[in-house]
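*Asks:* give me a model of this one.
(one chain, ligands or ions: 1)
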Amino acid sequence: MIRTRTVNDAHRLRTAQLDMPPRLLLGPGPSNAHPRVLQAMSMPQVGHLDPRFIELMNELQEMLRYAWQTDNALTVPVSGTGSAGMEAALANLIEPGDVVLVGVMGYFGQRMVDMAGRYGAEVRQLTKTWGEAFTLDELRAGLEKYRPDVLALVHAETSTGARQPLEGVGELCRAYDCLLLLDTVTSLGGLPLFLDDWGVDVAYSGSQKCLSCPPGLAPLTLGPRAIDRLHRRETQVANWYLDMSLVSRYWGPERTYHHTAPIAMNYGLREALRLLVEEGLEARWARHQANAELLWDGLADMGLQCHVSPEIRLPSLTTVRIPRGVDGKAAARQLLEEYNIEIAGGLGELAGKVWRIGLMGFNSRAENVTLLLGALAQVLGR
Ligand SMILES: *Cc1c(COP(=O)(O)O)cnc(C)c1O
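*Replies:* Predicted structure coming up:
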């Protein structure tokens with residue numbers, strides 16, 4: 001006779017139907033997804049090798065090429081958040097003993113140092129005060145001194161609000177026979193990016209910042225020099241899930257099963273990219289710049305100071321100095337609790353010193369700037 005066990009109900013948690021507050025996400029990400037993106041995500045699910053899904057995969061790749069201004073064949077959304085894109089970029093390029101030079105001008109540069117080390121790279125660092133960016137001469141001196149296989153830079157440092165200028169960097173990397181790897185998580189869809197013109201060999205991004213899609217996908221692109229490096233590897237990529245020699249066969253004509261693509265996330269990213277194509281890159285970049293300037297003017301009117309100098313200040317993420325005598329954390333909490341507006345504090349060198357305000361993608365709108373400035377004035381009593 002079969003004895004049935006009694007079910008333990010200890011973890012049988014009964015919860016209310018999900019009801020989340022309507023936050024305005026003006027921090028460093030995620031930003032609010034566009035309503036059309038959320039709508040697309042609720043479309044009927046199909047199989048991940050369904051002909052209609054395969055068509056969608058091709059559309060996504062083509063629109064990503066537009067967003068990045070690249071002709072790279074290997075351009076795909078990696079399953080995972082922006083950090084999975086970072087990990088994929090590094091894991092595929094690095095073989096143990098390779099010299100990787102990372103430009104560290106904030107938190108995300110530090111994360112690349114950590115990741116590159118885990119894949120066996122000899123990591124070298126150039127460092128910069130948080131809020132500044134590297135000059136071409138500083139990068140040249142770094143390449144001359146360390147002769148790296150890869151130079152890794154962050155285009156838009158979300159921890160500081162600074163933009164790394166890239167004109168001339170690609171030529172420099174070619175002169176030193178080094179690959180250029182670029183983090184474009186907070187720049188893709190928000191500020192000018194010309195991957196091919198700039199000679200960027202590998203770039204990655206995230207769905208959740210200026211693309212107005214929820215977190216969950218990480219666009220990745222590899223140019224011819226990077227593909228060549230991939231083909232000449234002597235060791236296997238040390239990460240099965242993110243091995244682009246396998247993943248690219250799923251996204252390429254072979255359609256060989258590797259892992260199941262997150263179907264609904266890819267629907268969402270398709271709509272997010274459709275929005276970008278509709279608006280056009282020039283208009284998108286101009287909108288981000290105009291709304292950021294509106295914010296900067298409003299902050300100045302309130303007597304608040306931006307941390308980054310205007311020439312390299314990101315339109316997608318602004319760091320504002322917390323005035324003397326103000327409890328930055330308490331003010332941010334008050335914005336969240338009383339106004340449903342999320343902004344963030346600083347990290348690392350800027351912890352306790354700045355607030356971080358994001359105007360990304362769908363959220364980069366004049367009415368959001370007005371709302372935030374009004375709420376901030378109330379909270380600060382200004
Ligand atoms: C947000 C961010 C990441 C990481 O993305 P996640 O989606 O949090 O994994 C990487 N680099 C930069 C510059 C970012 O802003």
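
*Asks:* so how far is Asn32 from the most centrally placed residue in the chain?
*Replies:* Nearest to the geometric centre of the chain sits Val185, at 1.8 Å (Cα atoms, centre = their mean). The spacing between Val185 and Asn32, counted by Cβ to Cβ, to the nearest Å, is 17 Å. Any C-beta I mention is one placed from the backbone N, CA and C, and that applies to glycine too.

*Asks:* Arg124 now?
*Replies:* 39 Å.

*Asks:* between those two, tell me which one has more neighbours.
*Replies:* More crowded of Arg124 and Asn32, by other Cβ atoms under 10 Å: Asn32, with 21 against 17.

*Asks:* quick one: list the elements packing against the lowest-mean-pLDDT helix or strand in the chain.
*Replies:* Across the helices and strands of the chain, the lowest-confidence element by mean pLDDT, DSSP states H and E is helix 244-251, at a mean of 93. If contacts are counted by 3 or more Cβ pairs under 8 Å, 6 or more residues apart in numbering; DSSP states H and E, helix 244-251 sits against strand 74-79, helix 82-93.

*Asks:* now the longest one - C-alpha only, PDB.
*Replies:* Right, helix 82-93. Output in PDB follows, covering the C-alpha atoms of helix 82-93 (Å, rounded to 0.1, in the frame of the first residue of the first chain):
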ATOM      1  CA  GLY A  82      23.600  44.800 -18.400                       C
ATOM      2  CA  SER A  83      26.100  43.000 -16.200                       C
ATOM      3  CA  ALA A  84      25.600  39.800 -18.300                       C
ATOM      4  CA  GLY A  85      26.500  41.900 -21.300                       C
ATOM      5  CA  MET A  86      29.700  43.100 -19.500                       C
ATOM      6  CA  GLU A  87      30.500  39.500 -18.500                       C
ATOM      7  CA  ALA A  88      29.800  38.200 -22.100                       C
ATOM      8  CA  ALA A  89      32.100  40.900 -23.600                       C
ATOM      9  CA  LEU A  90      35.000  40.100 -21.200                       C
ATOM     10  CA  ALA A  91      34.500  36.300 -21.100                       C
ATOM     11  CA  ASN A  92      34.700  36.000 -24.900                       C
ATOM     12  CA  LEU A  93      37.700  38.300 -25.400                       C
END
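
*Asks:* report the distance from that helix to the chain centre.
*Replies:* 12 Å (Cα atoms, centre = their mean, to the nearest Å).

*Asks:* excluding its backbone neighbours, what's nearest Tyr66?
*Replies:* Ranked by Cβ to Cβ, 6 or more residues apart in numbering and with sequence neighbours excluded, the top spatial neighbour of Tyr66 is Val277, at 6.3 Å.

*Asks:* same thing with Tyr204?
*Replies:* Once flanking residues are discounted, Tyr204 sits nearest to Gly85: 3.0 Å by Cβ to Cβ, 6+ apart.

*Asks:* residues making contact with whichever strand or helix holds Ala40?
*Replies:* Here Ala40, judged by DSSP states H and E, is contained in helix 35-41. With contacts defined as Cβ atoms under 8 Å, 6 or more residues apart in numbering, helix 35-41 is touched by 212-214, 264-265, 267-272, 274-275.

*Asks:* rerun at 6 Å
*Replies:* Contact with helix 35-41 is made by 213, 264, 267-268, 271-272, as judged by Cβ atoms under 6 Å, 6 or more residues apart in numbering.

*Asks:* just those: which are in helices?
*Replies:* Residues of the contacts of helix 35-41 located in helices (DSSP state H): 264, 267-268, 271-272.
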